[in-house]
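[1] fold the following.
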Amino acid sequence: MYNPPQAPLGTFTYVVEPGDSLFTIAQKFNTTIHNILTFNYLPDPNVLRVGQVLIIPQSPPEAIIYTVRPGDTVYLIARRFGTSVQNIIMFNYLANPDLIYPGQQLVVTASLR
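    Next up is the predicted model:
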């Protein structure tokens with residue numbers, strides 16, 4: 001059985017519609033493909049069925065989707081956007097925050113302190 005992590009702000013369900021892809025769903029709900037995959041067991045992420053129910057982790061309304069650039073670290077991204085390293089780790093379900101890579105997309109929140 002698949003046990004997804006606990007979402008900081010909770011989750012909601014979304015029913016796949018014609019023309020949907022993980023990319024368009026992630027854009028629609030201000031999250032990342034990685035985060036959707038974290039909460040759903042999808043043997044082939046390129047295949048979605050109309051009517052399929054997905055669990056979507058909520059992002060804070062003010063969050064942005066940031067694309068990691070060469071040389072970025074979670075610490076530098078947090079400092080750049082005035083948030084905490086812990087927020088980035090928490091809202092991206094990062095098992096190892098030292099392993100981020102250029103091109104990876106991250107949910108970056110405002111400071112929740």
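[2] look up how far Ile55 lies from the nearest residue to Thr32 once chain neighbours are set aside.
    In this structure, Thr32 finds its nearest non-sequential neighbour in Gln105, 4.5 Å apart by CB to CB, 6 or more residues apart in numbering. The C-beta positions use only the backbone N, C-alpha and C, and glycine is treated the same way. As judged by CB to CB, to the nearest Å, Gln105 and Ile55 stand 19 Å apart.
[3] low-confidence stretches in the protein?
    1-2, 111-113 (pLDDT under 70).
[4] hey, where'd the helices end up in it?
    Listed in chain order, the helices of the chain (DSSP state H) span 22-28, 33-39, 74-81, 85-92.
[5] the first one: which residues count as buried?
    Put plainly, it is helix 22-28. Residues 22, 25-26 are the ones in helix 22-28 that count as buried (16 or more other CB atoms under 10 Å).
[6] please apply the same query to the last one.
    For helix 85-92, the neighbour count (16+ other CB under 10 Å) marks 85, 87-92 as buried.
[7] hang on, the earlier thing: the residue nearest to Thr32 against Ile36, yeah?
    No. The criterion here is CB atoms under 8 Å, and Gln105 misses it with Ile36 at 11.3 Å.
[8] of those two, who's got more company?
    The residue with more neighbours, out of Gln105 and Ile36, is Ile36; 21 against 16, by other CB atoms under 10 Å.
[9] I'd assumed Thr24 was in contact with that one.
    No. Using CB under 8 Å, Ile36 makes no contact with Thr24, being 11.0 Å away.
[10] any idea how far Ile33 is from the closest residue to Ile100 other than its chain neighbours?
    Among residues not flanking Ile100 along the chain, Val68 sits closest, at 5.2 Å (CB to CB, 6+ apart). Computed as CB to CB, the Val68 to Ile33 distance reads 14 Å.
[11] again with Gln104
    Using CB to CB, Gln104 is found at 10 Å from Ile33.
[12] got the contact list for Thr13?
    Counting by CB atoms under 8 Å, 6 or more residues apart in numbering, Thr13 touches 53-56.
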